[in-house]
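Novice: Please find the sequence and the predicted model below.
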Amino acid sequence: MNRRDFFSSAALLGAAAAVGGSVKAESDSSACPTKLRLSSQLGIIPGDSIPEKLAKIKDWGCEAVEWGGDVVGCAEERRKMADDAGLLSSVICWGSHNGDMCSEDVSKRQPGIDDLKRAIEAAGILGCVGVIYVPAFNGQTKLNNFEIRQRCLEFLPEMGQFALAHNTKIILEPLCRMEAFFLRQVADGAAIARDCNGEAGPDGGISVMGDFYHMDTEETSQMGAFICGGPYMRHVHLAGGVAAPRRTLPGQNCTRFVDGFRGLKMIGYKYFCSFECGVDGDKMVEVPKSIAFLRDQWEQA
Ligand code: MG
């Protein structure tokens, strides 16, 4: 057994322990090498229209587009655009709805839940892996850490069931402390998903993701974070970390992705890694350069 094999098996055992052994189904698939499946939000892609941007995403070798919350209400139309471009839809990056579901103001909660359901329905139409949800950004709730977690366990299980009925999931996004005091690490998100899903485990409607930008501040190991996410992992955001130029295209600052990608390979991750970042320079030149950089980092992992 070489060094890499040793770490692979040790990591999978660790992940299995962390998630109660339910990693097995995923680890079985690790016999087939996972591949880097790229997706992108529209913002960093040059083009005067959505179809123009989608054509670029496809030309540059990505498999999917990540939509914003504005897709709700026009999901059929966007689905056709993606189909016409030969792209899949990775996720809807939806957000926190001003933290309403976790607000101390009880009257705000149901309208938030109703809107989240509309986003889930749109994700179902688009064929998305899930809807990204943030319980609360800093300043959006007066509940404390313990209370927000309790609140998530009150309403998310039913939302998860609703998502499964639409062939999609809710994806919890951990953020760095500059943006959110609650839910900052991938392992924490995976534990909330576990508690919400009960016996369904990773097959339940609540899942987690990792964003390399936020992880740069909050995680001691990108590889370790993804292993902790294990079979609950459903999405990844790609961006450089806090070093200048901050939160920019992968490859434009000193952030490296080999360690994190190694973790994704170890858990047999088969979902998307999607650009959510700024661009320093000409998008036409820099985005393809970043894609080549990431493919090389994946090779090295
Ligand atoms: Mg993100």
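Specialist: Cool, got the structure. Residues are numbered from 1 along each chain as shown.

Novice: What parts of the stretch 101-250 of the chain come near the ion?
Specialist: 211, 237 (Cβ under 5 Å from the ion). Quick note: C-beta positions are derived from backbone N, CA and C, even for glycine.

Novice: The same query, at a cut-off of 8 Å, please.
Specialist: Within reach of the ion by Cβ under 8 Å from the ion, the stretch 101-250 of the chain has these residues: 132, 173, 175, 209, 211, 213-214, 237, 239.

Novice: Where strands are concerned, which of those residues count?
Specialist: Using DSSP state E, the subset of these located in strands is 132, 209, 211, 237.

Novice: H97 is in contact with the first one, correct?
Specialist: Okay, so that is I132. No. Checked against Cβ atoms under 8 Å, the pair I132 and H97 is beyond contact range at 11.8 Å.

Novice: and the two? which has more neighbours close in?
Specialist: I132 (28 against 24; other Cβ atoms under 10 Å).

Novice: okay, the spatially closest residue to M233 that is not a sequence neighbour: pLDDT?
Specialist: Of all residues beyond its chain neighbours, the one nearest M233 is Y269 (5.8 Å), with distances taken as Cβ to Cβ, 6 or more residues apart in numbering. At Y269, the model reports a pLDDT of 98.

Novice: and Y269, that one's in a strand?
Specialist: No. According to DSSP: H, G, I helix; E, B strand; the rest coil, Y269 belongs to no strand; its state is coil.

Novice: my read: it touches M223, true?
Specialist: No. In this structure, Y269 is not within contact of M223 by Cβ under 8 Å, at 11.8 Å.

Novice: of these two, who's got more company?
Specialist: Y269 (27 against 21).

Novice: separation between the more buried one and Y133?
Specialist: 20 Å (Cβ to Cβ, to the nearest Å).

Novice: before we move on, back to that, now do the same contact list for the residue nearest to M233.
Specialist: Going by Cβ atoms under 8 Å, 6 or more residues apart in numbering, Y269 touches 34, 226, 233, 236.

Novice: In strands only, show me those residues.
Specialist: 233, 236.

Novice: Make CSV out of the contacts of Y269 and add neighbour count and pLDDT.
Specialist: As requested, these are arranged in CSV below (neighbours: other Cβ atoms under 10 Å; pLDDT from 0 to 100):
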residue, neighbour count, pLDDT
T34, 18, 86
F226, 30, 98
M233, 29, 98
V236, 27, 98
